[in-house]
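Participant: quick one: sequence plus predicted model below, questions after.
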Amino acid sequence: MYKLIIIALFTTFYLQTACSQSKATQTLNLDFEQHKNGFPTHWTVFGDEGYKVYVDSMHKKSGRFSAVIENAANKKDYRALSINLPANYEGKSISLSGFIKTENVTEGYAGLWIRIDPEIGLDKMSDRGITGTTDWAYFEVTLPLKTKETEKIVVGALLVGKGKMWVDGLKISIDGMELDDRKLKHYQKEVLPAQADRAFDNGSKITFPSLNRDLIGNLELLGKIWGLMKYHHPEVAKGNYNWDYELFRFLPQYLEAKDKHQRDNELSNWIKKYGLPSACKTCKTTPLHAVLKPDLSWINNADISENLKTKLISIYNNRNQGSNYYISLYPNISNPNFTTEKPYVEMSYPDAGFRLLSLYRYWNMIQYFFPYKHLTDKKWDTVLQEYISTFVNAKDELAYELAAVLLIGEVNDTHANLWGGRDKINALKGSKFAAFKAEFVESKFVVTDYFNPEFSGLAKVKIGDIITHVNGKKISSLVDSLKPYYRASNMAAMLRNMSIDLLRTPNNTISLNYLSEGKKQQVNVPTYERKELNMYYLYKVDTTQKCYKILPGNIGYITLANIKGEDIPEIKKRFNDTKGIIIDIRNYPSFFVPYSLGSWFLDEPTSFAKFTNGNPDNPGEFTFEEGQKIPNDSIKYQGKLVVLVNENSQSQSEFTAMAFHAAKNTTIIGSTTAGADGNVSNIILPGGLKTMITGIGVYYPNGKETQRIGIVPEIVVKPTINGIKNRKDEVLEIAIKVINDTKR
């Protein structure tokens with residue numbers, strides 16, 4: 001299904017209409033009675049232009065007009081009607097409701113949608129959209145409001161695929177009460193000074209002199225103080241200051257400091273501007289049993305005046321408690337929530353001030369809220385200084401994106417990559433791919449599958465062939481040169497991520513040197529756009545087949561790649577008398593099964609994991625929290641359980657493997673997993689760059705680490721080149737043997 005990315009770029013206007021209509025209807029034109037040249041007033045559209053959008057007086061639910069989205073070009077794409085709400089609101093939930101009529105909607109759906117930015121919530125009815133030909137019917141979408149984080153609310157109607165839809169009689173409700181002018185003031189959210197400050201929306205106006213050792217040291221110190229203030233100072237935490245823009249206000253005078261004495265005076269006066277916090281009566285000391293403790297050693301180690309040190313320590317000792325505009329924890333999960341951070345997407349190549357802000361923002365997020373900071377290859381305290389010149393001197397958009405990739409790689413987290421805003425990197429890599437998949441097998445780059453078998457003749461290479469050079473460069477040299485840009489939790493995950501791009505190019509062909517049956521060969525293979533290939537990134541998912549089957553020898557097999565909740569009762573029924581069960585998690589589960597399926601293998605309620613959570617009241621502190629126990633079913637499965645894992649097993653896959661491993665009769669078979677366990681937290685950097693981190697620490701009940709290590713199998717089995725050639729699943733074969741050798 002098409003991914004809907006909604007960016008509202010217009011201003012809402014206000015009209016005077018008949019007094020019988022509510023003011024919300026007048027303002028937003030939710031009933032489509034107002035139009036110009038056949039297009040509903042105040043609304044905008046995005047998506048494929050092959051779709052027509054207009055008002056219709058023949059088919060309407062109420063009033064004189066409805067709005068229509070029609071696929072006039074018979075294309076498989078989408079078109080959306082969109083409108084910004086003129087204010088943000090206090091309340092628990094917001095709903096958009098209305099009536100929809102459809103005609104011949106196929107290869108997609110029709111529906112309403114609502115989005116809360118920045119990236120707080122989105123419901124576009126993708127799981128319950130309207131298809132076919134239907135008469136007018138009532139529909140509603142609802143999202144929880146997160147008052148503190150919300151910056152913008154956007155609503156509308158959407159047609160994906162072919163056909164035609166009508167929409168009419170829309171209403172917006174807060175906590176079940178329809179929005180109108182009488183209630184608008186009651187619900188309107190207070191705009192905090194941090195949100196109202198727009199002084200540098202068009203640029204920071206910061207220019208840096210040539211960087212030298214002293215200036216870099218000064219900028220490192222400022223970045224650490226800026227981060228300490230951001231997450232600790234009560235006045236900043238209340239949202240009384242746009243902390244990004246306060247940096248830009250201070251930087252010009254700071255850059256003019258001639259010596260350490262002047263520098264320290266500037267910093268002391270800057271801190272004094274926001275007031276020293278009152279004595280904190282509820283601030284608790286870091287518990288001795290904390291897994292990670294706040295690292296403020298940089299204050300004592302810094303070559304700064306005693307007066308400045310005293311101020312910084314006072315800010316920490318009297319730090320903010322409770323609600324913090326810039327950081328919170330997600331309910332029930334407790335991974336960090338950074339959604340109030342502004343993306344500044346209009347600046348794809350931000351100016352030097354915003355580039356420095358990008359570095360400061362990311363470094364301090366990791367410093368205070370990354371649960372695995374202690375596991376990075378490089379001491380995190382040194383990273384800020386190292387990257388100042390890289391970010392400040394980034395000469396263009398590509399250099400800025402590459403700087404971000406390098407910085408993100410320093411956390412050694414497979415979840416962490418530049419996932420969005422990497423347009424120039426994508427252009428550099430190209431949009432074309434070879435028609436086959438190659439992976440690292442026995443330390444060689446081996447052809448493992450064809451995306452499109454019909455292209456196999458043009459590809460020349462055969463399954464099992466070893467690629468030695470790409471465009472004249474040795475694979476080993478390419479790997480070494482690309483490592484800094486593909487860092488992950490461990491080597492297996494890094495090579496997994498790199499392999500797809502080694503056969504990617506902006507050109508129509510790729511030159512390959514390879515070994516086939518021991519003979520050296522060279523060929524120029526054609527490349528294709530992704531949409532021309534049946535391409536998959538990590539593993540194939542056959543959605544035409546059930547996720548479970550009985551293998552010869554009465555052995556049950558389950559793949560979690562396409563498992564559904566309704567499959568689990570049937571699995572328990574059909575597999576109850578099998579000799580053993582193999583659960584394949586060399587993929588990402590399509591449904592969360594640790595409790596619903598894991599309970600079948602246990603004698604009693606069992607713990608399988610515990611977590612570390614951060615503490616916004618004491619940034620940098622992480623303490624253990626016990627995880628829930630898996631309950632046990634009244635009837636336990638009696639056979640052997642084997643779980644298959646490899647480098648494609650990541651995050652929820654690893655967590656699920658831990659759950660199954662809690663059963664006494666379980667064996668893990670395969671190879672080391674991706675080493676990135678735990679819920680993710682999204683991070684956005686200036687220029688709209690998007691990344692994420694593992695947001696909670698996941699450990700075995702005995703405190704053993706999983707991050708970077710992964711789930712380590714009891715029986716290590718890796719594919720071989722010979723097995724690839726003969727289309728064997730050697731890991732599965734060993735799993736079957738283990739079950740057959742087990743006495744039940």
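Facilitator: It's in.
Participant: all helices for the stretch 601-744 of the chain, in order.
Facilitator: 652-661, 721-725, 730-740 (DSSP state H, counting those that start in this stretch).
Participant: what ranges do the strands span in the stretch 301-450 of the chain?
Facilitator: For the stretch 301-450 of the chain, the strands defined by DSSP state E, counting those that start in this stretch cover 328-329, 336-337, 432-433, 436-441, 444-450.
Participant: list the pairing partners of the last one within its sheet, with orientation.
Facilitator: To tie it back to what came earlier, the one meant is strand 444-450. The sheet places strand 444-450 alongside strand 436-441 (antiparallel), strand 466-470 (antiparallel), with pairing taken from DSSP bridges.
Participant: deepest-packed of these, please.
Facilitator: strand 436-441 (a mean of 21; mean count of other CB atoms under 10 Å). Heads up, the C-betas are built off the backbone N, CA and C, glycines and all.
Participant: C-alpha coordinates for that strand, PDB please?
Facilitator: The C-alpha coordinates for strand 436-441 follow below in PDB (Å, rounded to 0.1, in the frame of the first residue of the first chain):
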ATOM      1  CA  PHE A 436      19.500 -10.600  -8.300                       C
ATOM      2  CA  LYS A 437      20.300 -10.700  -4.600                       C
ATOM      3  CA  ALA A 438      23.800 -11.300  -3.200                       C
ATOM      4  CA  GLU A 439      24.800 -11.800   0.400                       C
ATOM      5  CA  PHE A 440      27.900 -12.500   2.500                       C
ATOM      6  CA  VAL A 441      28.200 -16.200   2.800                       C
END
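Participant: and it, how far from the chain's centre?
Facilitator: Relative to its chain's centre, strand 436-441 lies at 26 Å (CA atoms, centre = their mean, to the nearest Å).
Participant: what does that strand rub up against?
Facilitator: Identification of contacts with strand 436-441 by CB atoms under 8 Å, 6 or more residues apart in numbering yields 445-451, 455-456, 459, 461, 467, 495-496, 499-500, 502-503, 536, 718-721, 724.
Participant: same check, this time on stretch 736-744
Facilitator: Under CB under 8 Å, 6+ apart, the answer for stretch 736-744 is 551, 553, 555, 579-580, 582, 638-640, 642, 667, 669, 715.
Participant: could those go into a markdown table alongside neighbour count, pLDDT and distance to Asp396?
Facilitator: A markdown table is the format used below for the contacts of stretch 736-744 (neighbours: other CB atoms under 10 Å; pLDDT from 0 to 100; distance: CB to CB, whole Å):
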| residue | neighbour count | pLDDT | distance to Asp396 |
| --- | --- | --- | --- |
| Leu551 | 17 | 97 | 55 |
| Gly553 | 11 | 95 | 61 |
| Ile555 | 21 | 98 | 57 |
| Lys579 | 18 | 96 | 62 |
| Gly580 | 26 | 97 | 58 |
| Ile582 | 23 | 98 | 51 |
| Gln638 | 13 | 95 | 64 |
| Gly639 | 20 | 95 | 60 |
| Lys640 | 22 | 97 | 58 |
| Val642 | 30 | 98 | 52 |
| Thr667 | 19 | 98 | 53 |
| Ile669 | 21 | 98 | 48 |
| Ile715 | 14 | 98 | 50 |
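Participant: would CSV of those residues with distance to Lys432 be doable?
Facilitator: What follows is the contacts of stretch 736-744, written out as CSV (distance: CB to CB, whole Å):
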residue, distance to Lys432
Leu551, 39
Gly553, 45
Ile555, 42
Lys579, 48
Gly580, 44
Ile582, 38
Gln638, 52
Gly639, 48
Lys640, 46
Val642, 40
Thr667, 42
Ile669, 37
Ile715, 40
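Participant: so which of these comes closest to Lys284?
Facilitator: Thr667 (44.0 Å; CB to CB).
Participant: so what pairs up with the closest one in the strands?
Facilitator: Going by DSSP bridges, Thr667 forms beta bridges with Val642.
Participant: that one against Val716, yeah?
Facilitator: No: if you go by CB atoms under 8 Å, Thr667 and Val716 don't touch, sitting 11.7 Å apart.
Participant: ok, back up a step: ok, of the contacts of stretch 736-744, which one's closest to Arg64?
Facilitator: Ile582 (63.1 Å).
Participant: show me the contacts for that closest one.
Facilitator: Here Ile582 is in contact with Leu551, Ile555, Gly556, Tyr557, Ile558, Val642, Val643, Leu644, Leu732, Ala735, Ile736, Ile739 (CB under 8 Å, 6+ apart).
Participant: check which helix or strand Asn104 maps to.
Facilitator: strand 93-117 (DSSP states H and E).
Participant: so which bits of that strand are buried?
Facilitator: Using 16 or more other CB atoms under 10 Å as the test for burial, strand 93-117 gives 94-102, 105, 108-117.
Participant: same thing with stretch 246-266?
Facilitator: Applying 16+ other CB under 10 Å to stretch 246-266 flags Glu246, Leu247, Phe248, Arg249, Phe250, Leu251, Tyr254, Leu255, Ala257, Arg263, Asp264, Glu266 as buried.
Participant: and those, which two are furthest apart?
Facilitator: Phe248 and Asp264 (20.8 Å).
Participant: which among the contacts of stretch 736-744 gets closest to Gly203?
Facilitator: For the contacts of stretch 736-744, the nearest to Gly203 is Ile669 (56.1 Å; CB to CB).
Participant: contacting residues for the residue nearest to that closest one when sequence neighbours are not counted?
Facilitator: Excluding the flanking residues, the one nearest Ile669 by CB to CB, 6 or more residues apart in numbering is Ile715, at 4.6 Å. When contacts are counted by CB under 8 Å, 6+ apart, Ile715 is found next to Thr667, Ile668, Ile669, Ile734, Val738.
Participant: so Asp567 touches Cys547, yeah?
Facilitator: Yes: look at Asp567 against Cys547 with CB under 8 Å: they come within range, at 5.7 Å.
Participant: ok, the two, which is more surrounded?
Facilitator: The neighbour comparison of Asp567 against Cys547 (other CB atoms under 10 Å) goes to Cys547, with 22 against 18.
Participant: got the contact list for that one?
Facilitator: Taking CB under 8 Å, 6+ apart as the criterion, Cys547 is in contact with Ile558, Thr559, Leu560, Ala561, Asn562, Ile563, Lys564, Asp567.
Participant: buried subset of the residues you listed as a ChimeraX selection?
Facilitator: Per 16+ other CB under 10 Å, the buried members of the contacts of Cys547 correspond to this ChimeraX selection:
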select :558,559,560,561,562,563,567
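Participant: the contacts of Cys547 in strands, which ones?
Facilitator: Ile558, Thr559 (DSSP state E).
Participant: using JSON lines, lay out the contacts of Cys547 together with pLDDT and distance to Gly156.
Facilitator: Shown next, in JSON lines, are the contacts of Cys547 (pLDDT from 0 to 100; distance: CB to CB, whole Å):
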{"residue": "Ile558", "pLDDT": "98", "distance to Gly156": "40"}
{"residue": "Thr559", "pLDDT": "98", "distance to Gly156": "38"}
{"residue": "Leu560", "pLDDT": "97", "distance to Gly156": "35"}
{"residue": "Ala561", "pLDDT": "96", "distance to Gly156": "33"}
{"residue": "Asn562", "pLDDT": "94", "distance to Gly156": "31"}
{"residue": "Ile563", "pLDDT": "95", "distance to Gly156": "33"}
{"residue": "Lys564", "pLDDT": "92", "distance to Gly156": "30"}
{"residue": "Asp567", "pLDDT": "95", "distance to Gly156": "35"}
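Participant: who touches Arg361 in this structure?
Facilitator: Applying CB under 8 Å, 6+ apart, the residues near Arg361 are Asp244, Glu341, Leu685, Pro686.
Participant: brain fart, Ala492
Facilitator: Taking CB under 8 Å, 6+ apart, one finds Asn646, Glu647, Ser671, Thr672, Thr673, Ala674, Gly710 in contact with Ala492.
Participant: report the contact partners of the second one.
Facilitator: This means Glu647. Ala492, Ala493, Leu495, Arg496, Ser671, Thr672, Thr673, Ala674.
Participant: for the residue nearest to it when sequence neighbours are not counted, which three-state class applies?
Facilitator: Nearest non-adjacent residue to Glu647, counting by CB to CB, 6+ apart: Ala492, 3.9 Å away. Recorded secondary structure, Ala492: helix (DSSP: H, G, I helix; E, B strand; the rest coil).
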